[in-house]
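K.L.:
model the structure of this input:
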Amino acid sequence: MDGINFEIDEDFLKLVIDQPHYLGWLMGKDKLTPLHSEWIKYCWDSNKPRALQAFRGGFKSTAIDTVGTVRNFLVHPNERVALIRKSYQDSCTIVSAVKQAMELPQIKKLFEVAHGFTPKATMAKEGKLRYNFKTTITPEVSFTAHGLESSLTGMHYDRIICDDIITLKDRISKAEREKTKEMVNEIATNIIDPGKGSIWIGTPWHKDDAWAEINKFADIAMYPLSANNFLGEEAAEQKRRTTTPFLYAANYELEIRRDETSLFSEPKMAEGWDYSKRSYAHIDCAYDGNHYCALTIISPLDNDDPAVAKKFQGIGFTYPGNCKAWANEVMRLCRKYKARFLLNETNPDKGYFANQMEKLGVRTKTYAEKENKHIKISTNLYEYWDDIYWSPDTDPEYLNQIIDYREGSEPDDAPDSCASLLREICKPNKSRSKALYSM
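P.N.:
Numbering: from 1, shown residues only. Next up is the predicted model:
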């Protein structure tokens, strides 16, 4: 906080209202910059709908949701503010962060300067905060958390923040995109009081996602990473190496680029999982670098013999770390989905992880991979892709890696895992293990 007068007085109050990134610094958010002050004032200092698209990892939520809300308490103590995120628990996390900020001695002192008394929470429970500086009597409190599917009927707010309500799920599922669009229109037309403001922040995920609806009623300010170099060249290059080209363009350059080279169409989604069917699992292990661990579980739905089945259910998971640390979760998932065995390639570790899983009670099968990865994916996975119905509990990152797969691009761990398992259970003549389905 170099250059800031540490004496919290009226001049300091004016400073943090005019340049709220300093308020963030007072709260310990010392990575905020004048850029974040620009974002906060653009979003909060208007009663018109305002939208902010900005690169991922740029502290949008910290600036707008947390610092912006505390600043709004200083300026408009009676306003009723709602925060809506994709999930209720994600919203509650932000409400908890605001509560913790309000308990800091330096923040209390700042509010004493602003309002003449120490701020106290008259209600502080999960997802709800009310403070003694709110003098109007309303059913709604000072700050309320909601999930996108929360019931908002009968609620009225002076301002609503919609943060990351459009996510990776909207990219991989048309049904999810349509549901999000419906909620966006409901919020915009029925929940926000007339003449009151709304804030919409996030990044685009699909050319037909709900940003098209937001664009109809809100001014959108766009801040691509290339325009400000916020992360620095080294960090930006790391993002390029570990993110598919499509997602880098969408999440860091805020562009949805048309790509005619995709092998895989939008996944077919199931309503649930049929636990009565035989299932088989495969893990693609990662130990270091930019790779993910990927776990695939597949069941044939219309025949006990997967080699002659025509319809499958699938579920997939990813883990961005060393597979050794993921072993207990792999065991749990294999048991939950009743996998008859876990297939594991031995090339990377000479069978170490398979031995680890055997010790945990998971039956394993190992093989040495000799087939070219791209050929394996573009034949086995491509052949069966339209016959697989994916559980809604599938990790969105898993399906995203498949949709984004291009030869030579990374991460490609999910399509590699899925293709390997399909080859083994559906094409026993080509598999490294004999008649696996009979086990």
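K.L.:
residues touching residue 174, list them.
P.N.:
208, 266 (C-beta atoms under 8 Å, 6 or more residues apart in numbering). Every C-beta, even on glycine, is put in place using the N, C-alpha and C of the backbone.
K.L.:
likewise for residue 218?
P.N.:
Listed by C-beta under 8 Å, 6+ apart, the contact partners of residue 218 are 48, 49, 50, 51, 198, 200.
K.L.:
give me the buried entries from those residues.
P.N.:
Neighbour-count burial (16 or more other C-beta atoms under 10 Å) applied to these gives 49, 50, 51, 198, 200.
K.L.:
quick check, the third one in a helix?
P.N.:
So that's residue 51. No: assigned with DSSP: H, G, I helix; E, B strand; the rest coil, residue 51 falls outside any helix and is strand.
K.L.:
farthest pair within the buried ones among the contacts of residue 218?
P.N.:
For the buried ones among the contacts of residue 218, the maximum inter-member distance is 8.7 Å, found between 51 and 198 (C-beta to C-beta).
K.L.:
nearest to residue 275, of the buried ones among the contacts of residue 218?
P.N.:
Nearest to residue 275 among the buried ones among the contacts of residue 218, with distances taken as C-beta to C-beta, is residue 200, at 39.6 Å.
K.L.:
in a strand, that closest one, correct?
P.N.:
Yes: the assignment for residue 200 is a strand, going by three-state DSSP.
K.L.:
shouldn't it be in contact with residue 42?
P.N.:
No: in terms of C-beta atoms under 8 Å, residue 200 does not count as a neighbour of residue 42; the distance is 11.9 Å.
K.L.:
which residues do those two both contact?
P.N.:
Common neighbours of residue 200 and residue 42 (C-beta under 8 Å, 6+ apart) are 50, 52.
K.L.:
re earlier: could I get the contacts of residue 218 in CSV, plus columns for pLDDT and distance to residue 375?
P.N.:
Converted to CSV, those look like this (pLDDT from 0 to 100; distance: C-beta to C-beta, whole Å):
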residue, pLDDT, distance to residue 375
48, 92, 54
49, 95, 50
50, 96, 50
51, 97, 44
198, 94, 50
200, 98, 44
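K.L.:
and the contacts of the helix or strand where residue 235 lies?
P.N.:
Element membership for residue 235, per DSSP states H and E: helix 233-242. Defining contact as C-beta under 8 Å, 6+ apart, one finds that helix 233-242 is touched by 57, 225, 229, 231, 248, 252, 290, 410, 411.
K.L.:
lowest-confidence one in the residues you listed?
P.N.:
Ranked by pLDDT, those bottom out at residue 290 (69).
K.L.:
okay, residue 437: pLDDT?
P.N.:
38.
K.L.:
what residues sit buried inside the helix or strand of the chain with the lowest mean pLDDT?
P.N.:
The weakest-scoring helix or strand in the chain, judged by mean pLDDT, DSSP states H and E, is helix 233-242 (a mean of 78). Across helix 233-242, burial judged by 16+ other C-beta under 10 Å covers 236, 239.
K.L.:
ramachandran coordinates for residue 165?
P.N.:
phi -80, psi -10 (degrees, to the nearest 10).
K.L.:
and it, what pLDDT?
P.N.:
Residue 165 carries a pLDDT value of 96.
K.L.:
I'd say it and residue 210 touch.
P.N.:
Yes: applying C-beta under 8 Å as the test, residue 165 and residue 210 come out as touching, 7.3 Å apart.
K.L.:
which stretches in the stretch 1-150 of the chain count as helices?
P.N.:
Taking DSSP state H, counting those that start in this stretch, the helices of the stretch 1-150 of the chain run over residues 10-18, 21-26, 34-44, 60, 68-75, 88-102, 105-115.
K.L.:
coming back round to it: mind putting the contacts of helix 233-242 into CSV with neighbour count and secondary structure?
P.N.:
Below are these laid out as CSV (neighbours: other C-beta atoms under 10 Å; DSSP: H, G, I helix; E, B strand; the rest coil):
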residue, neighbour count, secondary structure
57, 14, coil
225, 21, helix
229, 10, coil
231, 17, coil
248, 20, helix
252, 22, helix
290, 13, coil
410, 16, coil
411, 24, coil
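K.L.:
can I get these in CSV including distance to residue 151?
P.N.:
Shown next, in CSV, are these (distance: C-beta to C-beta, whole Å):
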residue, distance to residue 151
57, 32
225, 37
229, 43
231, 38
248, 37
252, 35
290, 42
410, 42
411, 38
